[in-house]
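*Asks:* Have a look at this prediction, sequence included:
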Amino acid sequence: MTDPLVRVEDLEKYYYERDNFTDRLLGREPESVQAVDGVSFEVKEGETLGLVGESGCGKSTTGETLLHLREPTGGAVHFDDQNVFEMDDLTEFRKRAQVVFQDPFSSLDPRMTAGEIVREPLDVHEIGTKAERRERVAELMERVGLSAGQVDRYPHEFSGGQRQRIGIARALALEPDFVVCDEPVSALDVSVQAQILNLLEDLQEEFGLTYLFIAHDLSVVRHISDRVAVMYLGEIVEVGPVEEIFENPGHPYTEALLESVPRADTSEHGRQVETLSGDVPSPRDPPSGCRFHTRCPYAREVCAQEDPDEYEVERDDAAGHRAACFRRVEDHEYWSSPTLEADQQAAAGETTADETAADD
Amino acid sequence: MADELLRVRDLSTRFFTEEGQINAVESVDFDVRDGEVFGIVGESGSGKSVTALSVIDLVESPGRITSGEVWYRNPDLADEVRDDDPEAVDGDYVDVRQVPENVRRALRGPSFATIFQDPMSSLNPSITVGEQIAEAVEVQRRARSNPRSTRSRTQGFGLTDMLASTVLPGHNYVSDESKERAIELLEQVGIPDPADRADEYPHQFSGGMLQRAMIAQALAGEPDLLIADEPTTALDVTIQAQILDLLRDLQEETGMSIVMITHNLGVIARMCDRVGVMYAGEIVERGELEDVFDHPVHPYTQGLLGSIPDLDDPAPRLQPIEGNVPDLIDSEMDDRCYFADRCPKAMEECLSHPPEFDVETGEPRDEKTAAGEHGVRCVLAQQEFDPSRALPEDYFESDARRTSEGARDAAAEDEEVSADD
Amino acid sequence: MFSPRTLRNLRKELRQSALAKIGIVVVVVVVLVAIFAPLLAPHNPTNQTLDDSQLPPLGFSKTTTETSSEIVNGSVEVVNETVTVSAKPKYPLGTDALGRDMLSRVIYGARTSLLVGLFGTVIAATVGVAVGLVAGYYGGKVDDALMRSADIMLAFPSLVLAVALVGLFGRAVVRLPDPLVQAGIAPNMPETFALPGTVIIVVGLVNWVWFARVARGEALSINGEEYVKAARSVGADDGFIIRKHVLPNSVTPILVLATIQIAAIILLESALSFLGFSGTSLSWGFDIAQGRDYLSSSWWISTVPGLAIVLTVIGINLVGDWLRDALDPGIEGEGGGV
């Protein structure tokens, strides 16, 4: 088994609202938004870890915080056994870890040419002479499927897919080991999306890259990932090998996600879908206990009181497949706990914070 | 075939921009039958949304509908219009494009309703959700009491009332009746505690709830046809599933027809009975869901289906369509199959614009002849792919570069002309 | 600095807008007049000819009552005589109370106004953009501190603040030798040109706040763009990001603001001169103040420089509008609504 290149431990990122000068003047308590609340996972060298979840679950924040593009409020990220948050000099880390962003429009400076954008990392680290940089840029452009003759064009002269290729070329400029792909294809049309996915796969093979692939599209994640982590409301609810997650989901949320995705297949027509009820609760005031209990079809009273740990999903070949659900434990008190009434469930979403405090 | 609610014929919409004339929708024909869900699928820039807007006549400048007929079956309307515009009536059908502006406008709501991708920007943030739906109910109620007059639709919404409602925020310009009906509608679309939620403002609703409220507003007029333009694109999959369920339930309840516009093939597969695939402003393939998904003929449809990773059976490698979506500028569109430059099976035949073929017979389709459901705008319906006639791979590369450069100059010269249009 | 696309927008907007054309013509004329003042001015603007005082502009005449006393038959008799003073072609715009040529004074006044406007704006922009970019880029407490002080500045009327600052610094004047006169091309003109140094600094310090606010807003929004995040992720430091990304992308609104500020500063300079805080006597505002006492008899002493101010300010504002209209959609708009 290969060593983890990236090890994330209890990563926490809270935002504080109502925390400016006026608010302090008025004596208002700052309100915390628990965007990422104690997330742990590993990315092994050469693999693709898919990080999947719905909007607002904190998956992008996780990606940016682990790259130290945002200041974490807790936890640690070990990159090659060094804690990123305790590094005095990030230069080396910045060379080895890169990011590809979602929005092919906002991720490229509109006033720089394609060549300047791809060259920027080389400029920042002052790598090579002018001529060498120019050559490297041309080489990168061709590698990602653009022509070297397009270096002098501005971003608005490219289509969305081509812009995303420029962003990928920029990320590759410093020959990184680890790339965070933050929804790199979700803004693209399906035909172009497939081109970019293939490109990312080719590049991984060619340069031995390790990917953290953040996405909300389950079919994309299934296609590209080796292992998958599912996020809900700032927490990872399930992690495991891709086949395991999709064939034998261990968490009711993962089940519901898989159930909800419309398949592009005629058998999909008229399929009765067991939809989840309700909306995602606000991360300002997350539910007590298991955060999913307000929408969970199997919720029992214990779920509203206790926060489940991650349990191994039992199956012979299920190496490293864990889910945060009591149902994975055979003799858990869950099984004797009374079921949660529907209105209780709805109410629980709103009055949680105090209850938790009392129970702790 | 009397079960067609809507017959769209030869509909074309163009945008007159500085860069040149853009053929967003080009000679599109389709029918929507009673109680069916008709899907239009395509990538961005394929013209699918503009098609929808053209049907309900909401195309905004610099766009203009340049030709086409939209025949809508409504015997009552036909009777009313027959005297004034005999041209616009054919049996029970009325050509919406030929009736006067005010009649056409009066159809939005009671006949055609629309829901859009972004519910947040479709609702007024400073008025409660309930009131906005009640307003729609009120408008429809008054319209129904006197369908031909536009005056009735604006009664009570005059300047005085506007001023009054500005000065007095609590000023109600809807009756209790319509308010009650609004709450009923909110309940119908599955909003819990509708009476309380009706008094909340749009920002207090989540995305999924807002989309439900939008649907409630659209239902206020009890429309015959609901046009849903990417209704779930902005939503998460679990919420998307809820909204799709809701739309299907509502359709079964009310018997209305739905035109579902989306880029998501999965949504199409779940919802639609018949599908049209759009590319570069044209419907390139159409048919029953099974025809299009299981036996696609057009290489674009095949490419589209090959581009999406299968959730249940992931292929090791995706088969994308090479190249990019064309930008539809008139001067850059040669008289050829618009997909030929990206098509892996492009042949010499593709250099002339193909008509729509009937897949069963392999013959070009004619307006008049009743044909099978499955139609495709591709010569492959008529003949097998012949490698000896295939175009060389770089055929369009050199060609496209030349024309696009030439077009840029031409567009600059055309600027003044198009501005006058 | 400008992409071809921006230039295309500028040209297009210019073609469509008659006002923009007028504005550019006015500004170009005023700039040329200011540069070649010694060659264009018919007289030395500081030469006094008391015999020719208060002459009206061409096409106007002035009637005054002259009172003389005569001794007739041993008694003093007061005679009221109506005298018509007509314009002299030598002084097409008339003369002021000391017989100085108004046309020459207006021509030279353009120099003062434009130089103060330009240098004042440069100072205001430099200070303001620096403060604004730092405040917007770093946010938090830095932002709070800088922008609160900017707000305090804004709380004072700019003229009051300027007067106070001039009072504090005194009225320093920089005498610049006039190269055209030095070269001997225009022998009769003043050899030096008085640049009101304090006024330039003061108007700059009074107006930096506007630049700070605009720059801060831009920095704030650009800071949220993913390309800034991307630059940070490759290891670029703050200086690099501000220089390479934030500044270039906020240039457009700052440029538009600058044109409007030039006009505002010209007005402020005139007001200061009018109040006597300028330090130079060759200024439109100064002349207006001078003519105030003669408004009833010799209206042109105030009106001519007044019109010059109005014309220049309108011209510059029209250019500013043109830039705003042309550059604003230039970044966002992709054209074609499909």
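*Replies:* Perfect, I can see it now.
*Asks:* Going by C-alpha atoms from here, please, whenever you check contacts or count neighbours.
*Replies:* Noted.
*Asks:* how about the nearest residue to residue C:232, chain neighbours excluded?
*Replies:* For residue C:232, ignoring the flanking residues on the chain, the nearest one in space by C-alpha to C-alpha, 6 or more residues apart in numbering or on different chains is residue A:69 at 7.1 Å.
*Asks:* Flag every residue of the stretch 151-300 of chain A that's near chain C.
*Replies:* Residues of the stretch 151-300 of chain A lying close to chain C by C-alpha under 8 Å from any C-alpha of the partner chain are A:156, A:171.
*Asks:* ok, which residues in the stretch 151-300 of chain A are in contact with chain B?
*Replies:* Taking C-alpha under 8 Å from any C-alpha as the contact definition, the stretch 151-300 of chain A meets chain B at A:159, A:161, A:189-195, A:198, A:218-220, A:222-223, A:246, A:256-257, A:260-271, A:273, A:275-277, A:279.
*Asks:* Try it again at 6 Å.
*Replies:* By C-alpha under 6 Å from any C-alpha of the partner chain, the part of the stretch 151-300 of chain A that sits against chain B consists of A:189, A:191, A:194-195, A:219-220, A:223, A:260, A:262-266, A:268-270, A:275.
*Asks:* What sits closest to the spatially most central residue of chain B if chain neighbours are left out?
*Replies:* Per C-alpha atoms, centre = their mean, the C-alpha nearest to the average position across chain B is that of residue B:52, at 2.6 Å. The shortest distance from residue B:52 to any non-neighbouring residue, by C-alpha to C-alpha, 6+ apart, is to residue B:227 (7.0 Å).
*Asks:* What separation do you get for that neighbour and residue B:220?
*Replies:* Per C-alpha to C-alpha, to the nearest Å, residue B:227 is found 14 Å from residue B:220.
*Asks:* as a whole number, average confidence for stretch B:209-217?
*Replies:* Mean pLDDT, stretch B:209-217: 90.
*Asks:* Ok, stretch C:111-129 next?
*Replies:* 92.
*Asks:* Domain boundaries for chain A, per the record?
*Replies:* Split into domains by automatic domain parsing, chain A comes to A:4-225, A:274-359.
*Asks:* List the residues that contact residue 337.
*Replies:* Went with chain A since none was named. residue A:301 (C-alpha atoms under 6 Å, 6 or more residues apart in numbering or on different chains).
*Asks:* wrong one, chain B
*Replies:* Residues in contact with residue B:337, defined by C-alpha under 6 Å, 6+ apart, are B:350, B:353.
*Asks:* And the pLDDT at it?
*Replies:* 89.
*Asks:* Make sure I have this right: it is in a strand.
*Replies:* No: judged by DSSP: H, G, I helix; E, B strand; the rest coil, residue B:337 forms no part of a strand; its state is coil.
*Asks:* how much space is there between it and residue B:383?
*Replies:* For residue B:337, the distance to residue B:383 - C-alpha to C-alpha - is 15 Å.
*Asks:* hmm, back to that, just checking, the residue nearest to residue B:52 touches residue B:261?
*Replies:* No: the pair formed by residue B:227 and residue B:261 falls short of the contact definition of C-alpha atoms under 6 Å, at 7.7 Å.
*Asks:* quick check, distance from the helix-or-strand element of chain C with minimal mean pLDDT to the centre of its chain.
*Replies:* Of the helices and strands making up chain C, the lowest-confidence element is strand C:61-72, at a mean of 76, by mean pLDDT, DSSP states H and E. Put simply, strand C:61-72 sits 42 Å off its chain's centre (C-alpha atoms, centre = their mean, to the nearest Å).
*Asks:* partners of it in the sheet?
*Replies:* Using DSSP bridges, the strands paired with strand C:61-72 in its sheet are strand C:75-86 (antiparallel).
*Asks:* Now do the buried residues in the strand it pairs with.
*Replies:* residue C:86 (16 or more other C-alpha atoms under 10 Å in any protein chain shown).
*Asks:* per-residue confidence averaged over that strand?
*Replies:* 79.
*Asks:* Do any residues in the next helix or strand after it lie close to chain A?
*Replies:* Per DSSP states H and E, strand C:75-86 leads on to helix C:102-138 as the next helix or strand towards the C-terminus. No: using C-alpha under 6 Å from any C-alpha, helix C:102-138 stays clear of chain A, with a minimum separation of 13.1 Å.
*Asks:* Any of the residues of the stretch 151-300 of chain A next to chain B buried? List them.
*Replies:* A:189, A:191, A:194-195, A:219-220, A:223, A:260, A:262-266, A:268-269, A:275.
*Asks:* quick one on the thing from earlier: could I get the CA-only coordinates of the least confident helix or strand of chain C as CSV?
*Replies:* Only the C-alpha atoms of strand C:61-72 are listed here, as CSV (Å, rounded to 0.1, in the frame of the first residue of the first chain):
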residue,chain,number,x,y,z
SER,C,61,-19.9,99.1,-25.4
LYS,C,62,-20.2,100.6,-22.0
THR,C,63,-21.8,103.8,-20.8
THR,C,64,-20.6,105.4,-17.7
THR,C,65,-21.4,108.7,-16.1
GLU,C,66,-18.4,110.8,-15.6
THR,C,67,-18.7,113.5,-13.0
SER,C,68,-16.6,116.6,-13.4
SER,C,69,-16.7,119.9,-11.6
GLU,C,70,-16.2,123.2,-13.2
ILE,C,71,-16.0,126.6,-11.7
VAL,C,72,-18.6,128.7,-13.4
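*Asks:* what does that strand contact?
*Replies:* C:76, C:77, C:78, C:79, C:80, C:81, C:82, C:83, C:84, C:85, C:86.
*Asks:* residues in contact with residue A:43?
*Replies:* Taking C-alpha under 6 Å, 6+ apart, we find residue A:43 in contact with A:4, A:5, A:6.
*Asks:* Check which helices and strands the helix or strand hosting the second one is in contact with.
*Replies:* The one in question is residue A:5. Assigned by DSSP H and E, residue A:5 falls within strand A:4-17. When contacts are defined as 3 or more C-alpha pairs under 6 Å, 6 or more residues apart in numbering or on different chains; DSSP states H and E, strand A:4-17 packs onto strand A:31-44, strand A:74-79.
*Asks:* which one of those strands lies closest to residue A:230?
*Replies:* Closest to residue A:230 of the helices and strands packed on strand A:4-17 is strand A:31-44 (C-alpha to C-alpha; 10.9 Å).
*Asks:* between the closest one and strand A:4-17, how big is the angle?
*Replies:* Strand A:31-44 runs at 170 degrees relative to strand A:4-17, counting by axes from the mean of the first three to the mean of the last three C-alpha atoms, to 10 degrees.
*Asks:* who touches the helix or strand just after strand A:31-44?
*Replies:* Once the chain leaves strand A:31-44, the next helix or strand it forms, by DSSP H and E, is strand A:48-52. Here strand A:48-52 makes contact (C-alpha under 6 Å, 6+ apart) with A:210-216, A:221, A:225-230.
*Asks:* ok so, going back, closest to residue A:85 out of the contacts of strand C:61-72?
*Replies:* Among these, residue C:86 lies closest to residue A:85 (C-alpha to C-alpha), at 85.6 Å.
*Asks:* which one of the domains of chain A is the most hemmed in?
*Replies:* domain A:4-225 (a mean of 20; mean count of other C-alpha atoms under 10 Å in any protein chain shown).
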